[in-house]
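Colleague: A predicted structure for the sequence below; I have some questions about it.
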Amino acid sequence: MASILFSPAFQATAIFPSTWSELNRSGPPRLSSILPRGRPQELESLKVSVEAEPRVTAPLQLVETERCVDGKLAAWTSIRQERWEGELVVEGEIPLWLNGTYLRNGPGLWNIGDYNFRHLFDGYATIVRLHFENGRLFFGHRQIESEAYKAAMKNKRICYREFSEAPRPDSFLAYVGELASFFSGASLTDNANTGVVELGDGRVVCLTETIKGSIQINPHTLETVGKFEYTDNLGGLIHSAHPIVTETEFLTLLPDLVRPGYTAVRMEPGTNERKVIGRVNCRGGPAPGWVHSFPVTEHYVVVPEMPLRYCAQNLFRAEPTPLEKFEWHPESGSYVHVMCKASGKIVASVEVPPFVTFHFINAYEEKDENGRATSIIADCCEHNADTTILAKLRLQNLRSFAGQDVLPDARVGRFRIPLDGSPEGELEAALDPEEHGRGMDMCSINQAHLGQKYRYAYACGAQRPCNFPNTLTKIDLVKKKAKNWHDEGGVPSEPFFVARPGATEEDDGVVISMVSDKNGGGYALVLDGSTFEEIARAKFPYGLPYGLHGCWIPKKAS
Ligand SMILES: CC1=C(/C=C/C(C)=C\C=C\C(C)=C\C=C\C=C(C)\C=C\C=O)C(C)(C)CCC1
Ligand SMILES: [Fe+2]
């Protein structure tokens, strides 16, 4: 019997489903008591009993090096337990107008017992919830119960093809029992670990790049509601991980791996049916370029075709390949296509310099004096056309930082796409990348400026030397300057901007992030959107794995 002291901050409901406990037999100790509820300030220091479970020589053990231990970044370690919920003690002041829920999704479990996954993007999804209510902050996390996760828990081995991991054929066949499935989309994962969106009708859906990996959750309990089934017959295996979601529509791109091209589709709130807006054929290469995200303007869908292209063989290959599911084809050219949202017609298709991006920031139309669009500006987090960032995100590299500056340079890549029929578009840095330490990814903007002219972007930048973006940066695209926030030795996740209700200035609001600190712990962070100064933080009961993307669900007016 061991005991640890938790600060009064944590009034926990600690729940350990048998699957988790079985999986991590030698893992973290179990909280055996359920702590009282009440204002944290009113609670005494709580002594929580923990019992270490007997170590067994089962195939599934949480390996010592994978554990979230003090003094080691929790960002690259598996989540400690399947779920937790409680109130956090807030240092500083959360603005009283900030009422609602920030949900953040990401890969949080990178091992099945002593079997360790290779890549950041392989982990089974962990959804985290920060609920803000009248200055108070409630926190929770939970595993998403995808088929891939449930099968791994049940069979104690990986059963579906993840980003860089593939099951041994006998694992999947034993699970699904059909030879044909191994070579079809059925063996691909539904591990919805990449993002989370609230649809216009209030349903909350976790996403990854497989269409089958669209999973509805309950935003209050984080419970998995079930698979989000699309009722149309559009078929296909993959879609962009980042649909554009507003109160009135859900837009996404479906890459066509058979006849290389992209179909843009729209789904209306209250329905599960995607309708085709239009299609564009690829201009180069054997397969469509990877389209993790794409931007829109008021009237157009911008379809990027990057030379980092899907590779159908790699999707079904058992052995890891250098670029995972992709191949680099610089000779195939790089293009940007512009599709009219109303008619589906292609109004521009230009060749651009080579680029590598996961995340578009925003796009807008530049207009002439008659209000006619003359060109499109589209901004993205651009990795200097260098694919090495994918390998840098392997867990072994992330976990082995020894002070060398190994993070490849990135910039805000600004495309200018002429709408006058010119064959070429431009791509340049929107500001000197030194402003943000030459690190640039995981961006957000004020959503009121989606598809519109905008001035500010929030992202993760770098303070070098580093092996991963380690700052939060606020970029002023007009002054071409950045304000940077940094906690030495820490790793912050996507800075998410939430506008103050009634605000008239673009940066009037807060920026929410979650930070893994150098001591193995972590905290929720709230920065002022305008000054970019810290206004509040709240320590988590333990450090969390790195998360990818979130969404804000404002408190509904009663
Ligand atoms: C890509 C395919 C799949 C899986 C994709 C997944 C699970 C996630 C992709 C996440 C990305 C691209 C995140 C990017 C983050 C960038 C960072 C943090 C950069 C920092 C550098 O500065 C499936 C689902 C396996 C299917 C096939 C295709
Ligand atoms: Fe993403």
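Modeller: Cool, the structure landed. Ligands and ions are numbered 1, 2, ... in the order given.

Colleague: for ligand 1, what are the nearby residues on the stretch 301-450 of the chain?
Modeller: 315, 325, 358, 389, 410, 439, 441, 442 (Cβ under 6 Å from any ligand atom). C-beta: built from backbone N, CA, C; applies to glycine.

Colleague: give me the number of residues near the third one?
Modeller: Close neighbours of residue 358, defined as other Cβ atoms under 10 Å, add up to 22.

Colleague: Just the pLDDT at the residue found closest to it once you drop the neighbours it is linked to in the chain, thanks.
Modeller: Of all residues not flanking residue 358 in the chain, residue 292 sits nearest, at 4.6 Å (Cβ to Cβ, 6 or more residues apart in numbering). Here the pLDDT value assigned to residue 292 is 98.

Colleague: Phi first, then psi, for residue 292.
Modeller: phi -70, psi -30 (degrees, to the nearest 10).

Colleague: So it versus residue 451, what's the distance?
Modeller: Relative to residue 451, residue 292 is positioned 19 Å away (Cβ to Cβ, to the nearest Å).

Colleague: so which of the residues of the stretch 301-450 of the chain next to ligand 1 comes closest to residue 126?
Modeller: Nearest to residue 126 among these is residue 442, at 16.5 Å by Cβ to Cβ.

Colleague: Tell me how many other residues crowd the closest one.
Modeller: What residue 442 shows, counting by other Cβ under 10 Å, is a neighbour count of 24.

Colleague: wait, it sits on residue 460?
Modeller: Yes. The criterion here is Cβ atoms under 8 Å, and residue 442 meets it with residue 460 at 4.5 Å.

Colleague: and for these two, which residues touch both?
Modeller: Here residue 442 and residue 460 have 469, 493, 494, 495 as joint contacts, going by Cβ atoms under 8 Å, 6 or more residues apart in numbering.

Colleague: Which parts of the stretch 251-400 of the chain are strands?
Modeller: Here the stretch 251-400 of the chain has its strands, by DSSP state E, counting those that start in this stretch, at 261-267, 274-281, 300-305, 308-310, 326-328, 334-340, 346-352, 357-367, 373-382.

Colleague: Buried deepest among these, which one?
Modeller: Comparing the strands of the stretch 251-400 of the chain by mean neighbour count (mean count of other Cβ atoms under 10 Å), strand 300-305 ranks first with a mean of 26.

Colleague: CA atoms only for that one - export them in CSV, please.
Modeller: This file holds the C-alpha atoms of strand 300-305, laid out as CSV (Å, rounded to 0.1, in the frame of the first residue of the first chain):
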residue,chain,number,x,y,z
TYR,A,300,-14.9,29.4,-52.7
VAL,A,301,-13.5,26.1,-51.5
VAL,A,302,-9.7,26.1,-51.9
VAL,A,303,-8.4,22.6,-52.8
PRO,A,304,-4.6,22.2,-52.2
GLU,A,305,-2.8,19.4,-54.2
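
Colleague: now for it, which elements pack on it?
Modeller: Here strand 300-305 is seen to pack against strand 250-256, strand 261-267, strand 274-281, strand 334-340, strand 357-367, strand 373-382 when contacts are counted using 3 or more Cβ pairs under 8 Å, 6 or more residues apart in numbering; DSSP states H and E.

Colleague: residues making contact with the first one?
Modeller: Outside strand 250-256, the residues within contact range by Cβ under 8 Å, 6+ apart are 197, 199-200, 211, 234, 236, 238-240, 243-245, 261-269, 274, 277, 279, 288, 291, 294, 296, 301, 303, 310, 341.

Colleague: What average pLDDT does it get?
Modeller: 98.

Colleague: now do stretch 304-320
Modeller: Stretch 304-320 comes out at a mean pLDDT of 88.

Colleague: Same question for stretch 130-148.
Modeller: Mean per-residue pLDDT for stretch 130-148: 98.

Colleague: Buried residues of it, list them for me.
Modeller: By 16 or more other Cβ atoms under 10 Å, the buried positions in stretch 130-148 come out as 130-132, 136-148.

Colleague: so where's the protein uncertain?
Modeller: Judged against pLDDT under 70, the low-scoring parts of the chain cover residues 1-71, 171-184.

Colleague: Can you name the residues of it that neighbour ligand 1?
Modeller: By Cβ under 6 Å from any ligand atom, the residues of the chain that approach ligand 1 are 121, 162-163, 188-189, 193-194, 208-210, 238, 241, 292, 315, 325, 358, 389, 410, 439, 441-442, 469, 548.

Colleague: strand partners of the helix or strand where residue 524 lies, parallel vs antiparallel please.
Modeller: Assessed by DSSP states H and E, residue 524 sits inside strand 522-528. Under the criterion DSSP bridges, strand 522-528 sits next to strand 509-516 (antiparallel), strand 534-539 (antiparallel) in its sheet.

Colleague: Redo those strands as TSV? Include mean neighbour count.
Modeller: What follows is the strands paired with strand 522-528, written out as TSV (neighbours: other Cβ atoms under 10 Å):
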stretch	mean neighbour count
strand 509-516	25
strand 534-539	20
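
Colleague: With distance to residue 284 added, can I get the ones you listed in TSV?
Modeller: Formatted as TSV, those follow (distance: least, Cβ to Cβ, whole Å):
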stretch	distance to residue 284
strand 509-516	38
strand 534-539	46
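
Colleague: returning to what we had before: quick one, which of the strands of the stretch 251-400 of the chain is nearest to residue 544?
Modeller: Nearest to residue 544 among the strands of the stretch 251-400 of the chain is strand 357-367 (21.0 Å), distances taken as Cβ to Cβ.

Colleague: now the closest one against strand 300-305, angle please.
Modeller: Interaxial angle of strand 357-367 relative to strand 300-305 (axes from the mean of the first three to the mean of the last three Cα atoms, to 10 degrees): 140 degrees.

Colleague: Give me the distance between strand 357-367 and the centre of its chain.
Modeller: 18 Å (Cα atoms, centre = their mean, to the nearest Å).

Colleague: can you list contacts of stretch 390-407?
Modeller: 75-76, 110, 116-121, 164, 322-324, 326, 408, 438-439, 462, 464-469.

Colleague: mind checking how far it is from the chain centre?
Modeller: The answer for stretch 390-407 is 19 Å, by Cα atoms, centre = their mean.

Colleague: pull the CA atoms of that stretch into PDB?
Modeller: Provided in PDB are the C-alpha atoms of stretch 390-407 (Å, rounded to 0.1, in the frame of the first residue of the first chain):
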ATOM      1  CA  LEU A 390       6.800  13.500 -40.200                       C
ATOM      2  CA  ALA A 391       9.700  11.500 -39.000                       C
ATOM      3  CA  LYS A 392      10.500  14.000 -36.200                       C
ATOM      4  CA  LEU A 393       7.000  13.300 -34.800                       C
ATOM      5  CA  ARG A 394       7.900   9.600 -34.200                       C
ATOM      6  CA  LEU A 395       7.700   9.000 -30.400                       C
ATOM      7  CA  GLN A 396      11.300   7.800 -30.100                       C
ATOM      8  CA  ASN A 397      12.500  11.200 -31.500                       C
ATOM      9  CA  LEU A 398      10.100  13.200 -29.300                       C
ATOM     10  CA  ARG A 399      11.100  11.300 -26.200                       C
ATOM     11  CA  SER A 400      14.800  11.700 -26.800                       C
ATOM     12  CA  PHE A 401      15.400  15.400 -26.600                       C
ATOM     13  CA  ALA A 402      19.000  16.100 -25.400                       C
ATOM     14  CA  GLY A 403      19.200  19.800 -26.100                       C
ATOM     15  CA  GLN A 404      20.000  19.700 -29.800                       C
ATOM     16  CA  ASP A 405      18.000  21.900 -32.100                       C
ATOM     17  CA  VAL A 406      16.300  19.400 -34.400                       C
ATOM     18  CA  LEU A 407      12.900  20.800 -35.100                       C
END
